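[1] Turn this into a structure:
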Amino acid sequence: MKKIGILLTAITIISCNKNNEKADAYGNFEATEITVSSESNGKIEFLNVEEGAQLKKGSLVGLIDTLQLHYNREQLKASIETVQSKSASVLSQINVLNEQLKTAKIEQTRIQNMYAENAATKRQIDEIDGKVKVIEKQISSVQTQNTPILNEIKSIKVQIEKLDDQIKKSKITNPVDGTVLTKYAEPSEITAFGKPLYKIANLNEMELRVYVTETQLAQIKIGQKVTVAIDADNDTKKYEGNITWISAQAEFTPKVIQTKEERANLVYAVKVAVKNDGSLKIGMPAEVWLK
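    Below is the predicted model:
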């Protein structure tokens, strides 16, 4: 975002007061401009943007070609299915071994009970215990084989999520309510990440940047209502303004303003918000009366 506004010189301003009284401050209107840039590389399929057009926040205004991204995504989906089939095979082995372990443990319990009644030998106990341990080790070994497969599936899913994000960013969505100021690209052109597409600004409420002296500073506060005037059709048009910001730091009067002696004075920048009825434009000069 950047603020656009040309400082108004006192030489170019004619007082709007009917009694020819000098205004308390002078300045130019500015607005917060947003340059909407491409977040993807490729051909612009469409871009429904025209200079002067009003756009709504969140509206889809363009699209950058996503065909190759779509093909890559389909390829990854096929890969994940192949890898998942390997995991299914491993899980099937584990299920078979678990069933064998379950049967072996039932047999182990039966033989232990028989041994307690002197109906089985110590050798039988050792054999069944060894069988249970062997199956448990086999299950552990097969589970180890499944770990890299699961990691591969996770990696592919991350790649798919990255492609989904790229596809989403290929859609050009307008970020704010506002008026298109400049259009930089056209449909069918090739664009790249970071390349400007258009510039937009909300002109419903304009900001007037003016400068006040240290003595005037005591007369103003944030939220204060002021009178703003512009020259229109050889007449004066007045608006109600609201002070929204006062600089906490003094600065020398900008060099383009008034005489060398006056430039040596310290002043404070002030922003005044003014509702726009359609007459106010970026860079337009205006005057402010504090009372």
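[2] now stretch 169-183, how far from the centre of its chain.
    Its chain's C-alpha centre and that of stretch 169-183 lie 13 Å apart, by CA atoms, centre = their mean, to the nearest Å.
[3] ok, which stretches of the stretch 51-200 of the chain are helices?
    67-116, 122-169 (DSSP state H, counting those that start in this stretch).
[4] Select, out of those, the one closest to residue 238.
    With CB to CB as the measure, helix 122-169 is the member of those nearest residue 238 (45.8 Å). Backbone N, C-alpha and C define where each C-beta goes, glycine included.
[5] counting contacts, what elements does that closest one pack onto?
    With contacts taken as 3 or more CB pairs under 8 Å, 6 or more residues apart in numbering; DSSP states H and E, helix 122-169 sits against helix 67-116.
[6] helices or strands next to the helix it packs on in the packing?
    Judged by 3+ CB pairs under 8 Å, 6+ apart, helix 67-116 is in contact with helix 122-169.
[7] from the chain's centre, how far out does the helix it packs on sit?
    Relative to the centre of its chain, helix 122-169 is centred 39 Å away, using CA atoms, centre = their mean.
[8] Work out which residue lies at the spatial centre of the chain.
    residue 175 (8.8 Å; CA atoms, centre = their mean).
[9] Could you list the low-pLDDT ranges of the chain?
    Within the chain, the segments meeting pLDDT under 70 span 1-21, 254-264.
[10] now the residue in the chain sticking out farthest from the centre: how far from residue 130?
    Taking CA atoms, centre = their mean as the measure, the residue most remote from the mean C-alpha position of the chain is residue 118, 77.0 Å away. Computed as CB to CB, to the nearest Å, the residue 118 to residue 130 distance reads 22 Å.
[11] And for residue 36, the neighbour number?
    Using other CB atoms under 10 Å, residue 36 is surrounded by 22 other residues.
[12] Quick check: what element follows the strand or helix carrying it along the chain?
    Per DSSP states H and E, residue 36 falls inside strand 25-37. For strand 25-37, the following helix or strand on the C-terminal side (DSSP H and E) is strand 42-47.
[13] Does residue 135 touch residue 102 like I think?
    No. Judged on CB atoms under 8 Å, residue 135 makes no contact with residue 102 at a distance of 9.4 Å.
[14] between the two, who's got more neighbours?
    Applying other CB under 10 Å to residue 135 and residue 102 shows that residue 135 carries more neighbours, namely 19 against 11.
[15] what's the nearest residue to the more buried one if we skip its chain neighbours?
    Spatial nearest neighbour of residue 135, excluding adjacent residues (CB to CB, 6 or more residues apart in numbering): residue 101 at 4.5 Å.
[16] any idea how far the strand holding residue 36 is from the chain center?
    21 Å.
[17] Number the chain from 842, please
    Renumbered: residue one is now 842, and that last one reads strand 866-878.
[18] Quick check: buried residues in it?
    For strand 866-878, the neighbour count (16 or more other CB atoms under 10 Å) marks 866-875, 877-878 as buried.
[19] Count the neighbours of the closest residue to residue 918 other than its chain neighbours for me.
    Nearest non-adjacent residue to residue 918, counting by CB to CB, 6+ apart: residue 1001, 7.0 Å away. Other residues near residue 1001 come to 17 when the count uses other CB under 10 Å.
[20] thought residue 1001 was touching residue 920?
    No. Between residue 1001 and residue 920 there is no contact under CB under 8 Å: 9.6 Å.
[21] which residues are common contacts for the two?
    Residues touching both residue 1001 and residue 920 (CB atoms under 8 Å, 6 or more residues apart in numbering): there are none.
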